[in-house]
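Trainee: with the input below, show me the fold.
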Amino acid sequence: MTHARPGPDEFDDDPSDPLGDAEREAIRRKIDDLEREAAEGLDPRPLGSVREPMAMPEVLRERPGSSRAGTRGGHGGLGGGEFGGGASARAWGVGLNFGAMVIAGGVLGWLVDWLGSAPWGLLVGLLTGLVVGFTRFVREALAANRSMAGRGRRGPM
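Mentor: Numbering: from 1, shown residues only. The predicted model follows:
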């Protein structure tokens, strides 16, 4: 037995409906306001008709006299590095480096296992990758603390 999906008009006279006409009208006005607000924020040019890119927002522009411009090339801090990555980019790099060392050790151990030493090659490779990755992680963390101490800031501890 199949039932047809009820339409919106079938619910208008529902006695258990907690919303009155005033509340419904307020909700409709709010939805209309939100739709109008969203439409105002859209680019009015149709897709494909744009000949030049839109202007870059002021927030994303880097001014020559700003505090970020002078920190290029350093490690850590805001705006360090060629692309302005700073401490966040350095942290991602350290984490990805650690993961790469573990994966590389595992792959090398797996290749050694083809010679007939299974599973010892994989286990030794993974352990070696963990040790090398952790050693590099600690060295990067110590270097970051030294660079922050050199600028008069305390590291996270």
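
Trainee: residue ranges with poor pLDDT in the protein?
Mentor: Applying pLDDT under 70 to the chain flags the ranges 1-17, 43-54, 59, 62-85, 151-157.

Trainee: count of neighbours near Asn97?
Mentor: Using other CB atoms under 10 Å, Asn97 has 14 other residues around it. Yep, even glycine has a C-beta here, placed from its N, CA and C like the rest.

Trainee: please name the nearest non-neighbouring residue to it.
Mentor: Arg136 (5.8 Å; CB to CB, 6 or more residues apart in numbering).

Trainee: what residues sit buried inside the helix or strand where the one you found lies?
Mentor: In the assignment (DSSP states H and E), Arg136 maps to helix 120-150. Within helix 120-150, the residues that qualify as buried are 121-122, 124-126, 128-129, 132-133, 140, 144-145, 147-148, counting by 16 or more other CB atoms under 10 Å.

Trainee: who does that helix touch, helix- and strand-wise?
Mentor: helix 86-112 (3 or more CB pairs under 8 Å, 6 or more residues apart in numbering; DSSP states H and E).

Trainee: hang on, the earlier thing: between the buried residues of helix 120-150, which sits nearest Gly105?
Mentor: Distance ranking of the buried residues of helix 120-150 against Gly105, using CB to CB, places Gly129 first at 2.3 Å.

Trainee: tell me who's in contact with the residue lying closest to that closest one once chain neighbours are set aside.
Mentor: In this structure, Gly129 finds its nearest non-sequential neighbour in Gly105, 2.3 Å apart by CB to CB, 6+ apart. Shown in contact with Gly105 (CB atoms under 8 Å, 6 or more residues apart in numbering): 125-130, 132-133.

Trainee: lovely, talk soon.
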